[in-house]
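Participant: Compute the structure for the input listed below.
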Amino acid sequence: MQPAFDRSVEPRAFRAYLKKVGVANVAGLAASMALIPVIWWSYVAPHVRAFHVVGILIAIGLLAASKGVPPARIIASTLLAFFLGLAVVDAASPYFDNAPRSLVKPIYSFREAAADPAAFVSWWNAYAARWRKVQREIEIPDPDGALPFVLRPLTHAKFFDSDISINSRGFRDREFNFDKGDAFRIVAMGESTTMDVSIFAGARPWPVLLQEMVSHELACVRPIEIINAGVDSYNLRDNLIRLRRDVLPLKPDLITLRATVRRGCSCSASYTTPIPPSPRRRRIRYGPMLEGNADVIPVEGDVIRESSAAA
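Facilitator: Next up, the predicted model:
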């Protein structure tokens with residue numbers, strides 16, 4: 001007859017194991033293992049600050065788990081020093097902040113890209129990575145849920161050597177009064193071509209340059225004020241929502257909109273209907289987006305000018 005199995009041995013064995021290795025060891029190891037998916041997410045995103053913080057926490061957990069095991073403790077200490085050093089270098093060194101610009105040659109023209117596709121891919125990857133970082137700094141979800149995102153008020157970011165500043169109203173422009181007073185107010189709407197982000201130091205959006213040209217070269221009875229309302233990646237629907245919600249309350253006298261065809265509609269590659277060679281005035285009803293009609297005049301290819309008087 002076999003003796004009955006004493007199940008009390010299991011908890012006693014576990015308690016003995018905890019007494020031997022310590023609760024801190026087990027807790028540290030469990031915490032480190034639990035954070036592995038988080039550090040993987042922060043690496044893929046990429047989210048630099050989260051990667052540094054989670055990496056340091058994992059190293060601390062492994063350090064606690066390696067108590068009494070000298071080889072493992074050396075490895076955990078080295079890992080902790082690595083993450084701490086990486087965080088300090090990334091935060092303090094402007095070289096790393098501009099690494100994609102300094103390590104990868106910019107490829108702009110189609111001829112250059114066709115001649116060296118690999119170089120273009122390297123440049124594009126560096127450019128896209130830097131822009132994703134900027135987006136995390138200056139863009140937030142729309143509080144109203146109507147737009148995919150909005151510009152975060154009172155933020156500043158650096159894109160390679162260029163500075164990007166968002167004012168308190170969520171425009172990439174200087175601060176301006178809500179009440180226009182006697183000014184003839186022009187609002188420039190559009191996507192990335194109007195938001196106009198460059199990689200060069202001192203570069204300014206074209207609405208800012210236009211404001212300077214108007215101020216210095218024209219003598220007008222009324223002062224002319226130009227506001228940049230461009231937001232990258234907005235399509236035509238997004239711009240119509242922004243027009244009604246953010247732009248029309250500013251009571252503009254003139255609205256310009258620069259939009260590409262790919263943002264405004266989905267066109268088949270087999271589309272063969274010829275585009276009229278000369279711009280013609282036509283009235284477009286925006287349906288529920290706007291009350292009333294707006295006059296639209298195509299100018300210079302993909303640029304259209306809208307009169308807010310009919311909106």
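Participant: mind giving me the domain split of this structure?
Facilitator: Domains of the chain are assigned by automatic domain parsing as 9-92, 148-310.
Participant: Would you state the helices of the protein in chain order?
Facilitator: All helices of the chain, identified by DSSP state H, fall at 9-21, 23-44, 48-65, 70-92, 94-97, 99-103, 110-115, 117-138, 192-195, 206-217, 236-242, 261-264.
Participant: could you dump the ones you listed to CSV with mean pLDDT and distance to residue 173?
Facilitator: From N, CA and C alone the C-beta is placed, and that goes for glycine too. Rendered in CSV, the data for the helices of the chain read as follows (pLDDT from 0 to 100; distance: least, C-beta to C-beta, whole Å):
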stretch, mean pLDDT, distance to residue 173
helix 9-21, 57, 61
helix 23-44, 74, 33
helix 48-65, 82, 28
helix 70-92, 80, 30
helix 94-97, 44, 25
helix 99-103, 45, 25
helix 110-115, 85, 32
helix 117-138, 87, 13
helix 192-195, 92, 10
helix 206-217, 92, 7
helix 236-242, 93, 14
helix 261-264, 49, 21
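Participant: The ones you listed: which one's closest to residue 168?
Facilitator: helix 117-138 (13.5 Å; C-beta to C-beta).
Participant: Tell me which residues of the closest one come out buried.
Facilitator: 120, 122-123, 126-127, 130-131, 133-134, 136, 138 (16 or more other C-beta atoms under 10 Å).
Participant: who wins for proximity to residue 149 among the helices of the chain?
Facilitator: Evaluated over the helices of the chain, closeness to residue 149 peaks at helix 117-138, with 8.1 Å, by C-beta to C-beta.
Participant: That closest one - contacts with which helices or strands?
Facilitator: In this structure, helix 117-138 packs against helix 99-103, helix 110-115, strand 155-159, strand 162-166, with contacts taken as 3 or more C-beta pairs under 8 Å, 6 or more residues apart in numbering; DSSP states H and E.
Participant: cutoff 10 Å now
Facilitator: Applying 3 or more C-beta pairs under 10 Å, 6 or more residues apart in numbering; DSSP states H and E, we find helix 117-138 packed against helix 48-65, helix 99-103, helix 110-115, strand 155-159, strand 162-166.
Participant: and the angle from the longest one to helix 117-138?
Facilitator: This means helix 48-65. Here helix 48-65 points in a direction 90 degrees away from that of helix 117-138 (axes from the mean of the first three to the mean of the last three C-alpha atoms, to 10 degrees).
Participant: Show me which positions of helix 48-65 end up buried.
Facilitator: Quick answer for helix 48-65 (16+ other C-beta under 10 Å): 48, 51-65.
Participant: Among the residues you listed, which one lies nearest to residue 218?
Facilitator: For these, the residue nearest residue 218 by C-beta to C-beta is residue 48; the value is 45.9 Å.
Participant: now the nearest residue in space to the closest one that is not next to it in sequence: how far from residue 201?
Facilitator: Nearest-residue entry for residue 48: residue 90, 6.3 Å, with adjacent residues in sequence omitted and distances by C-beta to C-beta, 6 or more residues apart in numbering. Remark: distance between residue 90 and residue 201 (C-beta to C-beta, to the nearest Å) = 21 Å.
Participant: Those two: who's more crowded?
Facilitator: Regarding residue 90 and residue 201, a neighbour count based on other C-beta atoms under 10 Å identifies residue 90 as having more, with 14 against 10.
Participant: The more buried one reaches residue 133, doesn't it?
Facilitator: No - with contact defined as C-beta atoms under 10 Å, residue 90 does not reach residue 133; the gap is 11.5 Å.
Participant: thinking again about what came up before, which one of the helices of the chain lies closest to residue 145?
Facilitator: Across these, the minimum distance to residue 145, taken as C-beta to C-beta, is reached by helix 236-242, at 10.8 Å.
Participant: CA atoms only: put the closest one into CSV for me.
Facilitator: Taking C-alpha atoms only, helix 236-242 is exported to CSV below (Å, rounded to 0.1, in the frame of the first residue of the first chain):
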residue,chain,number,x,y,z
LEU,A,236,-10.5,68.4,-47.7
ARG,A,237,-13.1,67.2,-45.2
ASP,A,238,-10.8,68.1,-42.3
ASN,A,239,-10.2,71.6,-43.7
LEU,A,240,-13.9,72.2,-44.1
ILE,A,241,-14.5,71.2,-40.4
ARG,A,242,-11.6,73.5,-39.4
